[in-house]
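1. generate a structure from the sequence data that follows.
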Amino acid sequence: MSGLFSLDGTTAVVTGARRGIGFAMAVALAEAGADIIGVSASQTATGSDIERAVTAAGRRFEGIACDFADPAAVDGLGRALAGRRVDILVNNAGTIERAPAAEHPIDVWDRVVQINLSSPFHLTQAVARPMLERGRGKIIFTASLLSFQGGINVPGYTAAKSGIAGLTKALANEWTSRGVNVNAIAPGYISTDNTEALRADPARSAAILDRIPAGRWGEASDLAGATVFLASSASDYVSGITLPVDGGWLGR
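-> Residues are numbered from 1 along each chain as shown. All right, here's what the predicted structure looks like:
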């Protein structure tokens, strides 16, 4: 790929790359020319589906395992990556836990916020420092429709993803003038493990589909174009946004 959207010669770190949205993001970046460092809690060094997909695109792949619920593990990952040249950081790893707010266990809240908000910030700090020294870098967070809305039975997830939208703005305010663009993508209702319970509930699934102007659940591959755009030179004057990729949900 050439021109504004080319990522030739770059290295991208993608967290949560083993499956779902992160898998699709990593493949899209590889197809645009980036070598990929894929990080997930159960990521293997070799032999994974994401490794095969990235190498099939003609790019190099490195797999790293990291438990994003463990602050010490995230600290170690950050220190390791700070010693590498990372051009693109995609903070996609996440989790969701459903329980009514009045009964939502505090340990579940803490784990969800740690994985979805605290760990991405901690990792971004470590990776961004060398970017800022070089005066060039792209950081992409995976936000959510619940960065804009309240959701049902997911208070910890909503709080964390609302925090991601705010963090995106805060970091962009400090770092854009220093050559590091910070943006987020807010996926709509995508057919992944995280939405399996919703898709299995006939009434809830029908209500969701009725509101999506595109008339279908999204696929992870629907995030590919936005990911490459925000990682490439095409978005050099774009920073601090949360870009919905939602089939029109928020406009309904």
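
2. quick one: low-confidence parts of this structure?
-> Within the chain, the segments meeting pLDDT under 70 span 1-2.

3. find the residue at the geometric middle of the protein.
-> Nearest to the mean C-alpha position of the chain, counting by C-alpha atoms, centre = their mean, stands N92 at 2.4 Å.

4. that one and D110: what is the separation?
-> Separation of N92 from D110 (C-beta to C-beta, to the nearest Å): 21 Å. Every residue, glycine included, has its C-beta placed from N, CA and C.

5. do A220 as well
-> 28 Å.

6. neighbour count: the two, which is higher?
-> Each of A220 and D110 has its neighbours counted (other C-beta atoms under 10 Å); A220 has more, 19 against 13.

7. okay, helices next: where are they in the stretch 151-252 of the chain?
-> Secondary structure of the stretch 151-252 of the chain (DSSP state H, counting those that start in this stretch): helices at 155-175, 196-200, 202-211, 224-231.

8. about what we covered before: the residue nearest to the centre of the chain contacts G22, correct?
-> Yes: shown here, N92 and G22 form a contact pair, counting by C-beta atoms under 8 Å, at 4.2 Å.

9. who touches both of the two?
-> Common neighbours of N92 and G22, counting by C-beta atoms under 8 Å, 6 or more residues apart in numbering, are 14-16, 142.

10. ok, which pair from those is furthest apart?
-> When these are compared pair by pair using C-beta to C-beta, the farthest-apart members prove to be V14 and T142, with a separation of 10.0 Å.

11. which neighbours do the two have in common?
-> 22, 90, 92.

12. for G225, state which of the residues you listed is nearest.
-> V90 (14.1 Å).

13. which element is the closest one on?
-> strand 88-91 (DSSP states H and E).

14. could you point out the longest strand in this protein?
-> If you go by DSSP state E, the chain has its longest strand at strand 180-187.

15. for that strand, C-alpha coordinates in PDB please.
-> Taking Å, rounded to 0.1, in the frame of the first residue of the first chain, the C-alpha atoms of strand 180-187 are listed here in PDB:
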ATOM      1  CA  VAL A 180       1.900  12.200  18.900                       C
ATOM      2  CA  ASN A 181      -1.700  11.800  17.700                       C
ATOM      3  CA  VAL A 182      -4.100  10.200  20.200                       C
ATOM      4  CA  ASN A 183      -7.600   9.000  19.100                       C
ATOM      5  CA  ALA A 184     -10.100   6.400  19.900                       C
ATOM      6  CA  ILE A 185     -12.500   4.200  18.000                       C
ATOM      7  CA  ALA A 186     -15.900   3.400  19.400                       C
ATOM      8  CA  PRO A 187     -17.200   0.100  18.000                       C
END
